[in-house]
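J.: how would this look folded up:
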Amino acid sequence: MGNLMTKTTPQKTTKELTATLFGWMEYIGLPELGLDQVKAKLDTGARTSAIHAENIELFDHDGVEWVRFQTLPDWDNPKVGFRTVEAPVVHIREIKNTSGIPEERLVVKTLARFGNRTWKIDVSLADRTNMTFPMIIGRAALKNHAIAVHTRKTFLVSERPPFSRRKETS
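T.: This is a model prediction of the structure:
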């Protein structure tokens, strides 16, 4: 009997991924909602993403429940003004607010542009009037996309528009 030679290949114990480094603050595009540059905080402590919404109203669109709301994409540039947005509702669910109190929120699914990368994310509608940012990106939106968030740098995948008042470090 001859020797049976087996070729073994080393097993990979870790997945090699090249993560895209994001700043903790970025401008996010939401093209399906007609929003080009929404100032957002990337917060891995938050599970769900949220966008500022006012004057929220539900309506029927060809038998599908939709929502119409107004949002102010950038607190720093009031000249941008409020935008009226319409989108199909994908969920109504309880989401904990910043104080940890559950509240029922409408959720829409939309395409999000992070620098030169795009994918679908769920976004809840919330009154963020008293918050620093009109949008927060939670960890569920970043999951499975090889993302790392730098805790001290901003605008690593997006450019700060010339109208931005704050001088953030890049």
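
J.: switch to C-alpha atoms for all contacts and neighbour counts from now on
T.: Fine.

J.: helices of the protein, residue ranges please.
T.: Along the chain, the stretches classed as helices by DSSP state H are 139-142.

J.: show me where pLDDT drops low in it?
T.: Judged by pLDDT under 70, the chain has its weakly predicted residues at 1-17, 161-170.

J.: need the contact list for the residue nearest the centre of it.
T.: With the centre of the chain defined as its mean C-alpha position, the nearest residue by C-alpha atoms, centre = their mean is Ile137, 3.7 Å away. The neighbours of Ile137, taking C-alpha atoms under 8 Å, 6 or more residues apart in numbering as the test, are Ala40, Lys41, Leu42, Asp43, Thr44, Ala46, Thr48, Ser49, Ala50.

J.: any chance of the residues you listed in CSV, plus neighbour count?
T.: As requested, the contacts of Ile137 are exported to CSV (neighbours: other C-alpha atoms under 10 Å):
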residue, neighbour count
Ala40, 23
Lys41, 21
Leu42, 24
Asp43, 18
Thr44, 18
Ala46, 16
Thr48, 21
Ser49, 24
Ala50, 26
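
J.: in strands, which of the residues you listed fall?
T.: When the contacts of Ile137 are checked against strands using DSSP state E, the ones located there are Ala40, Lys41, Leu42, Ser49, Ala50.

J.: what is the nearest of these to Ile147?
T.: When those are compared for distance to Ile147 (C-alpha to C-alpha), Leu42 comes out closest, at 10.7 Å.

J.: gap between the closest one and Val90?
T.: Going from Leu42 to Val90 by C-alpha to C-alpha, to the nearest Å gives 22 Å.

J.: ok, Ile56 next?
T.: 15 Å.

J.: what are the contacting residues of stretch 47-66?
T.: Outside stretch 47-66, the residues that reach it (C-alpha under 8 Å, 6+ apart) are 67-73, 86-89, 95, 122-129, 134-141.

J.: now do 6 Å
T.: Here stretch 47-66 makes contact (C-alpha atoms under 6 Å, 6 or more residues apart in numbering) with 67-71, 87-89, 123-128, 134-140.
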